[in-house]
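Asker: the amino acid sequence is not available; the structure is as follows:
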Ligand SMILES: [Ca+2]
């Protein structure tokens, strides 16, 4: 859990342990001198306190909460191609250093996000652009996309904007998440 490659001398985590801040877990099994491949899994920050604010210019959208329900098979679909943004309230200020986006895993890729803008705010009013770019190769390999920031950002609200989508359809996203700076 400290970022290094596991060895036989690594501290052993047994049973259940808290991993609220999120990050990357690497696991490896050892049998005498033989060792398995390292299994690596990315976990985002726990979404227990998160919600979708419905104030301001963001319309209520019943599917919005499905972008933070920790289920890969439920989706947020935007209300229209002229409103491809979704806002999330962490319920507290967090120091975030990356975000993740899990695309729709369905066969129909219409609405899959190809490029994005990612904003942060402390008050849901003044927004700062934190990251923007493309998800290269997402169309052929639709796995969770993890984007590391250049710096740590202290925000309570995040806003994700789908700039370009497949077939220019309404954006479809299974999950949005963040990781916390340690
Ligand atoms: Ca979901």
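Answerer: Alright, I've got the coordinates. Every value quoted in this text rests on a predicted model; they were computed, and no experiment measured them.
Asker: helix, strand, or coil at residue 65?
Answerer: helix (DSSP: H, G, I helix; E, B strand; the rest coil).
Asker: can you pull the contacts of it?
Answerer: Applying C-beta atoms under 8 Å, 6 or more residues apart in numbering, one finds that residue 65 lies in contact with 51, 52, 76. Every C-beta, even on glycine, is put in place using the N, C-alpha and C of the backbone.
Asker: PyMOL command to pick out the buried ones of the residues you listed?
Answerer: To isolate the buried subset of those in PyMOL, counting by 16 or more other C-beta atoms under 10 Å, use the following:
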select buried, resi 52+76
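Asker: tell me which of the contacts of residue 65 is nearest to residue 115?
Answerer: In terms of C-beta to C-beta, no member of these lies closer to residue 115 than residue 76, at 17.4 Å.
Asker: residue ranges with poor pLDDT in the chain?
Answerer: 1-3, 17-24, 39-43, 55-60 (pLDDT under 70).
Asker: rerun that using 90 as the cut-off
Answerer: 1-46, 54-62, 79, 83, 104-108, 182 (pLDDT under 90).
Asker: near the ion, which residues of it show up?
Answerer: 66, 69, 71, 74, 174, 175 (C-beta under 5 Å from the ion).
Asker: the fourth one against residue 174, yeah?
Answerer: So the one you mean is residue 74. Yes. Residue 74 is in contact with residue 174 according to C-beta atoms under 8 Å; the separation is 6.9 Å.
Asker: re the thing from before, okay if I get the contacts of residue 65 as JSON lines plus secondary structure and distance to residue 182?
Answerer: JSON lines is the format used below for the contacts of residue 65 (DSSP: H, G, I helix; E, B strand; the rest coil; distance: C-beta to C-beta, whole Å):
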{"residue": "51", "secondary structure": "strand", "distance to residue 182": "25"}
{"residue": "52", "secondary structure": "coil", "distance to residue 182": "27"}
{"residue": "76", "secondary structure": "strand", "distance to residue 182": "29"}
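Asker: circling back to that earlier point, just the residues of the chain next to the ion: which are in strands?
Answerer: Judged by DSSP state E, the subset of the residues of the chain next to the ion located in strands is 174, 175.
Asker: domain map for this structure?
Answerer: Segmentation of the chain into domains, based on automatic domain parsing, reads 1-43, 64-180.
Asker: who does residue 179 bridge with?
Answerer: Here residue 179 sits in beta bridges with residue 98, as judged by DSSP bridges.
Asker: buried subset of the residues of the chain next to the ion, written for PyMOL?
Answerer: To isolate in PyMOL the members of the residues of the chain next to the ion that are buried, counting by 16+ other C-beta under 10 Å, one can use:
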select buried, resi 66+174+175
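Asker: okay, the residues of the chain next to the ion in a markdown table with distance to residue 91 next?
Answerer: Output for the residues of the chain next to the ion, formatted as a markdown table (distance: C-beta to C-beta, whole Å):
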| residue | distance to residue 91 |
| --- | --- |
| 66 | 18 |
| 69 | 15 |
| 71 | 20 |
| 74 | 21 |
| 174 | 21 |
| 175 | 18 |
